[in-house]
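Q: Kindly return the folded structure for what I paste below:
(chains A and B)
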2 protein chains.
Amino acid sequence: MEVVLIGSGNIATHLGLALKAKGVTISQVYSRSAQNAKVLAEKLDTSFITDISDIYRNADIYIYALTDSAFKSILRKIVMPEGIQVHTAGCIAMNEFEGFTSKFGVFYPLQTFSINKPVDFSQIPICIEACNMDVQQKLLELAKLISVTTYLVNSENRKKLHLAAVFACNFTNYMYNIASDILNDSGFSFEIIQPLIAETAEKVKTLNPYDAQTGPAVRMDEKTISKHLSLLNKKPDLKKIYKLLTKNIYNRHKKK
Amino acid sequence: MEVVLIGSGNIATHLGLALKAKGVTISQVYSRSAQNAKVLAEKLDTSFITDISDIYRNADIYIYALTDSAFKSILRKIVMPEGIQVHTAGCIAMNEFEGFTSKFGVFYPLQTFSINKPVDFSQIPICIEACNMDVQQKLLELAKLISVTTYLVNSENRKKLHLAAVFACNFTNYMYNIASDILNDSGFSFEIIQPLIAETAEKVKTLNPYDAQTGPAVRMDEKTISKHLSLLNKKPDLKKIYKLLTKNIYNRHKKK
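A: Numbers count the residues shown, from 1 in each chain, chains lettered A, B, ... in the order given. Prediction:
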């Protein structure tokens, strides 16, 4: 199987490495940035281009791992090769490909990727959508090469999945960032809170998050809440976040 | 060593079990609720009381694992025994014991506990504060019995640590809860997002949270953000949280 990667960011990098490790040929990498394209092409032992009109035309699958706006800009420029065209985005509808090609789909790995952090692809759910059964079959084959969990998810549901992921991952990571700032300001290293972060994530493997909720908000411990708020007097943004989340947790639990 | 537990909630339960497993004698459990006291006393093979005036007077250490208001109410009623008195709260100053006893301190395990989820106490940071070196020595001994990480932390810093823990644990868990609600509404099981939750927590073992940040907010992907916001049109509370956190992530990263 031959694959071309369009994009050179976090997803293109980790997906490319996972496919290559399973024997898939990465025929070419495209990026607007020659520097980024070169870095990824070297990792994948392949060539790169920065002009989309130079695209290799005989691959089986073309994977677009791009932001929403970069994706749309490429669609306007590319002369589509014969192969299957897929994007990897949580929040772009599959039918954006319509009118450009007749073989298309989506290959969305539900995970967070950072360039220098290796990931075990085998545990990553891969959400597939396809314009027809033939394409679906090909995409499932590719997905099963690298992961043990594949799902068929349409565009509307994938968008909701992506929204859930923003809360469970991006906003969660921002909570870690705030905690890290508070610790640094008080002379603690971030390390002290890592067992707590690990256990918080671990708990929801066996408890649902509603039942796993602890802390001053869920028990409406007003004294503790007001001590925390006074620590945040000089950080109005954090104080606003603290108040909003505390109120929401309280309302969510008192309703039961 | 003989210990009396005052309280029968999550912390009292898990701390009692960890101490007992290391050979510490739990001499007695106190709780206002006979039902809760009985359940915990059975787990710890000990007796329980519901009237604080019946307290066993010859223990070495009395551990108050109570909410702020229950703690203050007990202080007003108890005739303090000779032993060391400690509480386990992140947000109660040590000197609340002053005037009631001359041997006191704090024994604060930095972790989240839910009654039916076992924890490995050996990895939990225990934060100690003591009114004198003698008491400090005794509390460190007790802490080192059950954990490999002990810290000396004063009341002011413990309060900040507790605030950081609210963000890293309680608010994080609430993000999981919101994600779970969104998934349920769309017919997905919570399971699909568990690898993402695990990796998000795992990443900050090697990357700092600032560098680990991903998602539409950090790359200011306005199209994705507006699609997400329109999914939340019927959930004004969640929309408010989404907007506030997105704005904060954006501001935190554009400043670099």
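Q: most residues in a single helix of chain A, which one?
A: Counting by DSSP state H, the longest helix found in chain A is helix A:236-254.
Q: Give me the buried positions along that one.
A: Residues of helix A:236-254 classed as buried: A:L238, A:K239, A:I241, A:Y242, A:L244, A:L245, A:T246, A:N248, A:I249, A:Y250, A:R252, A:H253 (neighbour count, 16 or more other CB atoms under 10 Å in any protein chain shown). (C-beta placed from N, C-alpha, C; glycine too.)
Q: Could I get the contacting residues of the third one?
A: Taking CB atoms under 8 Å, 6 or more residues apart in numbering or on different chains as the criterion, A:I241 is in contact with A:I178, B:F171, B:L244, B:L245, B:N248.
Q: now the helices for chain A?
A: According to DSSP H, the helices that chain A contains are A:10-21, A:34-43, A:68-77, A:133-146, A:155-165, A:172-185, A:194-203, A:209-212, A:222-231, A:236-254.
Q: Now that we have those, can you turn them into JSON lines and tack on distance to B:K159?
A: Listed next are the helices of chain A as JSON lines, based on distance: least, CB to CB, whole Å:
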{"stretch": "helix A:10-21", "distance to B:K159": "37"}
{"stretch": "helix A:34-43", "distance to B:K159": "45"}
{"stretch": "helix A:68-77", "distance to B:K159": "43"}
{"stretch": "helix A:133-146", "distance to B:K159": "47"}
{"stretch": "helix A:155-165", "distance to B:K159": "33"}
{"stretch": "helix A:172-185", "distance to B:K159": "10"}
{"stretch": "helix A:194-203", "distance to B:K159": "16"}
{"stretch": "helix A:209-212", "distance to B:K159": "24"}
{"stretch": "helix A:222-231", "distance to B:K159": "6"}
{"stretch": "helix A:236-254", "distance to B:K159": "14"}
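Q: any idea which residue of chain A is furthest from its center?
A: A:K223 (38.6 Å; CA atoms, centre = their mean).
Q: ok, that one - contacts?
A: B:D68, B:S69, B:C91 are the contacts of A:K223 under CB under 8 Å, 6+ apart.
Q: mind putting the helices of chain A in a markdown table, mean pLDDT included?
A: Below are the helices of chain A laid out as a markdown table (pLDDT from 0 to 100):
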| stretch | mean pLDDT |
| --- | --- |
| helix A:10-21 | 96 |
| helix A:34-43 | 97 |
| helix A:68-77 | 93 |
| helix A:133-146 | 98 |
| helix A:155-165 | 97 |
| helix A:172-185 | 98 |
| helix A:194-203 | 97 |
| helix A:209-212 | 96 |
| helix A:222-231 | 95 |
| helix A:236-254 | 97 |
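Q: Looking at the ones you listed, which is nearest to B:L139?
A: Nearest of the helices of chain A to B:L139, taken as CB to CB: helix A:194-203 at 19.4 Å.
Q: what about the closest residue to A:S69 other than its chain neighbours, distance to B:N95?
A: The shortest distance from A:S69 to any non-neighbouring residue, by CB to CB, 6 or more residues apart in numbering or on different chains, is to B:K223 (6.8 Å). For B:K223, the distance to B:N95 equals 54 Å [CB to CB, to the nearest Å].
Q: repeat for A:L152
A: A:L152 is 61 Å from B:N95, by CB to CB.
Q: can you check A:I49 too?
A: Distance from A:I49 to B:N95, by CB to CB: 69 Å.
Q: what about those two, which has more around it?
A: Legend: neighbour count by other CB atoms under 10 Å in any protein chain shown for A:I49 and B:N95, higher for A:I49 (18 against 11).
Q: Local confidence estimate at the residue nearest to the more buried one when sequence neighbours are not counted?
A: Leaving aside its sequence neighbours, A:I49 sits nearest to A:Y30 (CB to CB, 6+ apart; 5.2 Å). Here the pLDDT value assigned to A:Y30 is 98.
Q: Contact partners for A:Y30?
A: Counting by CB under 8 Å, 6+ apart, the residues that A:Y30 touches are A:V4, A:L5, A:I6, A:G7, A:S8, A:A37, A:F48, A:I49, A:T50, A:I52, A:I55.
Q: between those, which has the most around it?
A: Among the contacts of A:Y30, A:L5 has the most neighbours (other CB under 10 Å), with 30 neighbours.
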